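Colleague: predicted model and sequence below, questions to follow.
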Amino acid sequence: GQNIDQPTEMTATEGAIVQINCTYQTSGFNGLFWYQQHAGEAPTFLSYNVLDGLEEKGRFSSFLSRSKGYSYLLLKELQMKDSASYLCAVDGSGNTPLVFGKGTRLSVIA
Amino acid sequence: DAMVIQNPRYQVTQFGKPVTLSCSQTLNHNVMYWYQQKSSQAPKLLFHYYDKDFNNEADTPDNFQSRRPNTSFCFLDIRSPGLGDAAMYLCATSREGAGGRTQYFGPGTRLLVL
C-alpha cells in the first residue's frame, strides 16, 4: 500500500525558519517531490529528491532519508507570501503515478 | 508563457447536466493527468494517459470519462454531475524518462454544481 503523512497545519513567524516533515510508506521509490499550492491555485513544483541528503534552492531546501522513509522541506527567512499548502508526493515503482500527501497548510504571521 | 492551459477557469453547471473541461499543453509531454481536488484534501488522481494509453484509477466513478485526441489536448467529461462533484479539477503533464517524473500543473478549473 501507499501512505504519506504530513502535519495538517503549521504556523510560523515572518523571518523565521520552518521545517515541514513528510513520512512515507510506498511499495517502491523513485523519488520524492515537494509542491507549493496557494489557495485556489494549482500546485507548483518546488523540489525533487532521489538520493539521500539535502538539496538547497534559495530559501527552500529539501532533505531525504530513504532508509527512514522521511523527508522534510525547510523554508528560511519566511515571507508572508509563503503562506500556502505544501504537498509531499512520492514517485513509486514502475508506472504508478505520483502519490500525494494531504498537504501541510502553513500560515506565516507577522 | 502558459505551458499547461485549462479552460474554463470557473464552470457552473446544473445537477445532471453534462460538462466538459479542457486542458492543453505546449510542453510536448507524453503523459497527461486529471486530478480532482476538494477543499483541504490532496489531489485525487482520476486517470492518466501515457501517450494514447488510457489508465483509469480503480475508484474513479464511471460518471467521469476522458479523451485525448492528440498529444496537446485532453478533455474531462462529467456525464451527470452530482453535488459531490463540485471541486477543483487539475490537469497535469509529465515527460516519462530519466530525471524523475515532475508533473506540471495547469491553473485548474473550479466546478460548481447547482
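Modeller: Ah, there it is.

Colleague: against which helices or strands is the lowest-mean-pLDDT helix or strand in chain A packed?
Modeller: None of the helices or strands of chain A scores lower by mean pLDDT, DSSP states H and E than strand A:99-100, at a mean of 88. On a contact count with 3 or more Cβ pairs under 8 Å, 6 or more residues apart in numbering or on different chains; DSSP states H and E, strand A:99-100 meets strand A:84-91. C-beta: built from backbone N, CA, C; applies to glycine.

Colleague: say whether chain B is contacted by the strand it packs on.
Modeller: Yes: with Cβ under 8 Å from any Cβ of the partner chain as the criterion, chain B is reached by strand A:84-91 at A:87, A:89, A:91.

Colleague: and the residue nearest the centre of chain B, its phi and psi?
Modeller: In chain B, the C-alpha nearest the mean C-alpha coordinate belongs to residue B:34, at 2.7 Å (Cα atoms, centre = their mean). Note on residue B:34: backbone dihedrals following degrees, to the nearest 10 are phi -120, psi 130.

Colleague: thought residue B:66 was touching it, still the case?
Modeller: Yes: in this structure, residue B:34 is within contact of residue B:66 by Cβ atoms under 8 Å, at 6.1 Å.

Colleague: shared neighbours, those two?
Modeller: Overlap of the contact sets of residue B:34 and residue B:66 (by Cβ atoms under 8 Å, 6 or more residues apart in numbering or on different chains) consists of B:46-47, B:74, B:76.

Colleague: neighbour-wise, give me the winner out of the residues you listed.
Modeller: residue B:74 (26 neighbours; other Cβ atoms under 10 Å in any protein chain shown).

Colleague: what's the spacing between that residue and residue A:101?
Modeller: With distances taken as Cβ to Cβ, to the nearest Å, residue B:74 is found 25 Å from residue A:101.

Colleague: repeat for residue B:8
Modeller: Distance, residue B:8 to residue A:101, using Cβ to Cβ: 29 Å.

Colleague: quick check, residue B:6 in a helix?
Modeller: No: the assignment for residue B:6 is strand, going by DSSP: H, G, I helix; E, B strand; the rest coil, so no helix is present there.

Colleague: in the sheet, who's paired with it?
Modeller: Beta-bridge pairing for residue B:6 (DSSP bridges): residue B:23.

Colleague: contacting residues for it?
Modeller: Taking Cβ under 8 Å, 6+ apart, one finds B:21-23, B:89-91, B:106-109 in contact with residue B:6.

Colleague: so which bits of chain A are right by chain B?
Modeller: Neighbours of chain B within chain A, by Cβ under 8 Å from any Cβ: A:30-31, A:33, A:40-45, A:48, A:50, A:87, A:89, A:91, A:95, A:97-98, A:100-103, A:105.

Colleague: so of these, which ones are in strands?
Modeller: Among these, the ones falling in strands (DSSP state E) are A:31, A:33, A:44-45, A:48, A:87, A:89, A:91, A:100, A:105.

Colleague: in those, which has the lowest confidence score?
Modeller: Lowest in pLDDT among these is residue A:91, which has 87.

Colleague: count of neighbours near that one?
Modeller: 22.

Colleague: ok, it - contacts?
Modeller: Counting by Cβ under 8 Å, 6+ apart, residue A:91 makes contact with A:29-33, A:98, B:100-101.

Colleague: contacting residues around residue 14?
Modeller: In the absence of a named chain, this looks at chain A. Residue A:14 makes contact with A:78-80, A:108-110, according to Cβ under 8 Å, 6+ apart.

Colleague: let me rephrase: I mean chain B.
Modeller: By Cβ under 8 Å, 6+ apart, the contact list for residue B:14 reads B:81, B:113-114.
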